[in-house]
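>>> my questions concern the predicted model and sequence given below.
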Amino acid sequence: MSAPTEQGIAFLLAESGIRQLYARYADSVWRKDRAAFLECFTEDAVWKIAGQTLEGRDAIGDFFELSTSPSHKVMFWCSNPALEVTGDTASGRLQVTELIKRHDGNSARTLAIYYERYAQSDGVWRLSFHHFNMYYLGSPDLSEDYYDNLEYGPPPGFPGPDDPTTVRRS
C-alpha cells in the first residue's frame, strides 16, 4: 500500500470541509437561520435559482427569507458531492431533495441538482457559485410530472454562465 500523496490529502481535506459546508447549510435551512445560511456563501457569491441570478449575500439572504417564509420546516438532504479540487477552490455537483411542510398544512418534495463552485478562506469552505436545477416539485409521493432541464453529462460537466435554471410551473 502506498503512502498518501500531498494531492490526495488536500483532496480529502477539501471534501471533508465541503461536506461540513453542507451540514451547516442543511442545519440553517431547517432552523430558517438567515445569518447561518449566509455564512455558507462568500461575500460575492452568485446563486442562480428559479430564473433569477442573485448576487451577493444581501440578495441571497432576502431570497432565503422569501422562499422559507411559507414553510413551517424544510428538511434538506444532499448526496456526497462529486468534486474537482484545485488548491483553495473547487467545483462540483450534488443531488438534493427537500421535504417541505407549509404553514397552510400542505407538503411538498423537491428533487434537484446543484452545480457549485467553492472557495476556502481561513480554513472554511463556502459556496461562491450555486446553480439550482429543479427536476421535481410536488407531492411527496412523486406522483407529479418532472421538469425538463439541460443535462451536462458526467462530472465535471457544468452549466454555462447563461444557462437557465428551472422556473416553477404556475
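Looks like it arrived, so ask away.
>>> distance from stretch 64-74 to the middle of the chain?
16 Å (C-alpha atoms, centre = their mean, to the nearest Å).
>>> report the buried residues of it.
Buried residues in stretch 64-74, counted by 16 or more other C-beta atoms under 10 Å: 64, 68, 71, 74. For every residue, glycine as well, the C-beta is placed using N, CA and C.
>>> cool, stretch 101-115 as well?
108, 109, 110, 111, 112, 113, 114, 115.
>>> if you average pLDDT over it, what comes out?
For stretch 101-115, mean pLDDT rounds to 97.
>>> measure that stretch end to end?
25 Å (C-alpha to C-alpha, to the nearest Å).
>>> returning to what we had before: which of the buried residues of stretch 64-74 fall within strands?
71, 74 (DSSP state E).
>>> rebuild the buried residues of stretch 64-74 as JSON lines, extending it with pLDDT.
Shown next, in JSON lines, are those (pLDDT from 0 to 100):
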{"residue": "64", "pLDDT": "98"}
{"residue": "68", "pLDDT": "97"}
{"residue": "71", "pLDDT": "97"}
{"residue": "74", "pLDDT": "98"}
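>>> ok, of the buried residues of stretch 64-74, which one's closest to residue 128?
For the buried residues of stretch 64-74, the residue nearest residue 128 by C-beta to C-beta is residue 64; the value is 16.6 Å.
>>> tell me which residues of stretch 120-131 are tucked away?
Buried, per 16+ other C-beta under 10 Å, within stretch 120-131: 120, 125, 126, 127, 128, 129, 130, 131.
>>> quick one: distance of that stretch to the chain centre.
12 Å.
>>> can you give the distance of stretch 16-35 from its chain's centre?
10 Å.
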